[in-house]
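J.: fold the following and give me the result.
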Amino acid sequence: MTRKLASNDALLRDKQLAAELEEVKAQIIDWAKKNDLWYDAGFKIPFEHRNEAPRQGEVLYLWAEGPLTHVFSPDHEDWDRLEEKFRTMLEGMGWVCELEDHVTLNLTPEDEAKQLDFLRLQRWQWIQKLSERRLFDVHVEMFEHFANDHDALQNLHWRKLEEFMDSVFRNQGFRTELGPGSDDGGVDLRLYQSESISEIVTVVQVKRHKAPIKLEPVAALAGVAQMECAPRALFVTSSRFQPKARKFALNTQGRLDMPQLDLADGSRVGEWCTAISKQLNDYFLSGETPAPPILCGRPATALTGKIVCASWGYNTSFNSFAVIEADFPHEVILRTIGSKVVAHDGYGQRGTEEPDISALPSRLDPCRFLAFKNDTRGREWFWGDRKLYSIWDGTPQRFDYCD
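T.: The predicted structure follows:
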C-alpha cells in the first residue's frame, strides 16, 4: 500500500509540474501580446533543445528573434520599463529569469526544491528518450536516477528493464548474452566471466513486477540453472520477494548438488546503480581514473584516437580540442586536450592554434564527456558539451578573443 501511494503521489506531482509549466507559458504569451511583442518567439525545453541530460536550474527557454528581444536588450529605449514589468510578472508566479544568450532567456522556479522536482521529472523524460535507443551503458544520469529512486524501475517497459540490467552487468565487468525477450526458456540473461572465458557463470531472470515474487518462479529458475550446468542463478525484480522465496534461495547457499541462487530486489539494484554511477562519474571527471569495466578491452574502431575540434563563441572565436577515447554505435566518449598557438597578432588575442595532447585543456572544458554522433553528407559530427565537434582536418584553427 505504501509503495502504491508513493507512486500515485509522484504521478500527481508530475501532473502539477506540467500544469505549472503550461501556466507560466500562458501568462508570458498573454503579457507579450498585450505589449504587442509576441512575434517570432516561442518556448523550448532546454534538455530537448540541447539533446543533453537536464541540469538543475534549466527548466524552460523563452526564445525570441522579434520585438520580444527588446525585453533583453539594454540598447532599446524601453528596456528598463519592459524588463521591470516582465520580471515582476515572473516573480508573481515564483519564477526568475536570466539571459542564456542574446536571443534566449532561461526561466526557472525561484524555489530550489521545485527546481529539483523539475529536474527529477525532466531527468525521467530524458531517460525514456535514452531507453528508446537503448543508450544505457555509460550515461551516468541513468544510473544516478535509479540509485536515488529504485522504485522508478517499475516505470520501465519490461523489455527495457532487461536491457538496462544487461548494461548493469556489463558495467560490473561481465560479458553478457541478452535473450530475445520471449520464448527464452526462463533465462533473460547469461553472464560470462569475461570475453576470453566462454564458460557460463550465472543465468539471470528479470521480472518487472508490482506484487512480491512468489516461490514458484524462483524455484523454476534454479531448475533451469541446473539444466544448463550454471553454477549460479540470479533472480532480479523491480519489486521484492515473498518470505518463502527468500528461504528457498537461502537454502541453496553452500549446497553442492544444485546451483547457488541469489535474489536481487529493487533496493539491491539501486545499490548496484550507486556503485556504477560513482565509478562512471570518477572516470568522466578525472583524467587519472582508470577506465571502468565496461570500457576495458573494448575494441578500437576507425574513430578511436581521432582528434576532433569545435569552434564556438558569439562575436568571438574559441576552439576546443578532444580525442575520441571510446566509440559506440550512437555516441563517443571525448577526452579534452590542450592546444598550442601557431601564429598570433603579437598580443595573443588573434591567431591560429593546433591541438596539443601534452598541453593542459582549458578549464572551461570538462575532462571527459559523451557526444552524440551525427552524419551529414558523409561527414561525421559529434554533439556534446553544448558544442559541435568534427574530425580535425590537420590545419591550424583560427581564434579571436576580441569582442
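J.: got phi/psi on the nearest residue to residue 137 once chain neighbours are set aside?
T.: Using Cβ to Cβ, 6 or more residues apart in numbering and skipping residues adjacent in sequence, the residue nearest residue 137 is residue 167, 5.1 Å away. (Glycine included, C-beta is placed from N, CA and C.) Per-residue torsions, residue 167: phi -70, psi -40 (degrees, to the nearest 10).
J.: over to residue 339?
T.: phi -140, psi 170.
J.: tell me who's in contact with the spatially closest residue to it that is not a sequence neighbour.
T.: Spatial nearest neighbour of residue 339, excluding adjacent residues (Cβ to Cβ, 6+ apart): residue 353 at 4.5 Å. Contacts here follow Cβ atoms under 8 Å, 6 or more residues apart in numbering; on that basis residue 353 touches 319, 339-342, 396-397, 399.
J.: likewise for residue 279?
T.: Residue 279 sits in contact with 171, 292, where contact means Cβ under 8 Å, 6+ apart.
J.: adding neighbour count, distance to residue 237 and pLDDT, write the contacts of residue 353 out as CSV.
T.: Formatted as CSV, these follow (neighbours: other Cβ atoms under 10 Å; distance: Cβ to Cβ, whole Å; pLDDT from 0 to 100):
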residue, neighbour count, distance to residue 237, pLDDT
319, 21, 50, 93
339, 21, 51, 94
340, 11, 55, 93
341, 13, 58, 93
342, 12, 59, 93
396, 15, 57, 96
397, 21, 53, 95
399, 20, 55, 93
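J.: let me see the ranges of the strands in the stretch 1-150 of the chain.
T.: Assigned by DSSP state E, counting those that start in this stretch, the strands in the stretch 1-150 of the chain fall at 41-44, 60-64, 95-101, 104-109.
J.: tell me which of these sits nearest to residue 18.
T.: Judged by Cβ to Cβ, the one of those that comes nearest to residue 18 is strand 60-64, at 11.7 Å.
J.: list of residues touching that closest one?
T.: Here strand 60-64 has contacts from 21, 24-25, 28, 37, 40-46, 49, 68, 71-72, 97, 100, 103-108, using Cβ under 8 Å, 6+ apart.
J.: show me what the spatially closest residue to residue 308 that is not a sequence neighbour is bridged to.
T.: In this structure, residue 308 finds its nearest non-sequential neighbour in residue 389, 4.1 Å apart by Cβ to Cβ, 6+ apart. Beta-bridge partners for residue 389, by DSSP bridges, are residue 382.
J.: returning to what we had before: just the contacts of residue 353: which are in strands?
T.: Counting by DSSP state E, the part of the contacts of residue 353 found in strands is 319, 339-342, 397, 399.
J.: wait, which of these is closest to residue 199?
T.: For the ones in strands among the contacts of residue 353, the residue nearest residue 199 by Cβ to Cβ is residue 339; the value is 48.5 Å.
J.: state the distance from that closest one to residue 214.
T.: 62 Å (Cβ to Cβ, to the nearest Å).
J.: now do residue 107
T.: Taken as Cβ to Cβ, the span from residue 107 to residue 214 is 49 Å.
J.: more crowded one of the two?
T.: Neighbour totals were compared for residue 107 and residue 214, and residue 107 leads with 22 against 13 (other Cβ atoms under 10 Å).
J.: so the more buried one sits right up against residue 93, yeah?
T.: No. Between residue 107 and residue 93 there is no contact under Cβ atoms under 8 Å: 9.7 Å.
J.: name the residues contacting each of these two.
T.: residue 24.
J.: what comes into contact with stretch 368-375?
T.: 51, 138-139, 283-285, 287, 325, 330-336, 380-385, 389.
J.: buried subset of the residues you listed?
T.: 138-139, 283-284, 325, 331-336, 381-385, 389 (16 or more other Cβ atoms under 10 Å).
J.: of those, which belong to helices?
T.: Among the buried ones among the contacts of stretch 368-375, the ones falling in helices (DSSP state H) are 283-284.
J.: related to what we said a few turns ago, element containing the residue nearest to residue 339?
T.: strand 350-356 (DSSP states H and E).
J.: partner strands of that strand and their direction?
T.: With DSSP bridges as the test, strand 350-356 is paired with strand 331-344 (antiparallel), strand 397-400 (antiparallel).
J.: in TSV, list those strands along with distance to residue 274.
T.: Listed next are these as TSV, based on distance: least, Cβ to Cβ, whole Å:
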stretch	distance to residue 274
strand 331-344	21
strand 397-400	41
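J.: for the ones you listed, which one sits closest to residue 230?
T.: Closest to residue 230 of those, according to Cβ to Cβ: strand 331-344, at 33.0 Å.
J.: can you give me the mean pLDDT across the single longest helix found in the chain?
T.: For the chain, the helix with the greatest residue count under DSSP H is helix 2-34. Computed over helix 2-34, the mean pLDDT rounds to 83.
J.: tell me, how many residues neighbour residue 393?
T.: If we define neighbours as other Cβ under 10 Å, then residue 393 has 8 of them.
J.: and it, its phi and psi?
T.: phi -90, psi 0.
J.: export the ones in strands among the contacts of residue 353 as TSV, with columns for distance to residue 365.
T.: Output for the ones in strands among the contacts of residue 353, formatted as TSV (distance: Cβ to Cβ, whole Å):
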residue	distance to residue 365
319	10
339	11
340	16
341	17
342	20
397	15
399	14
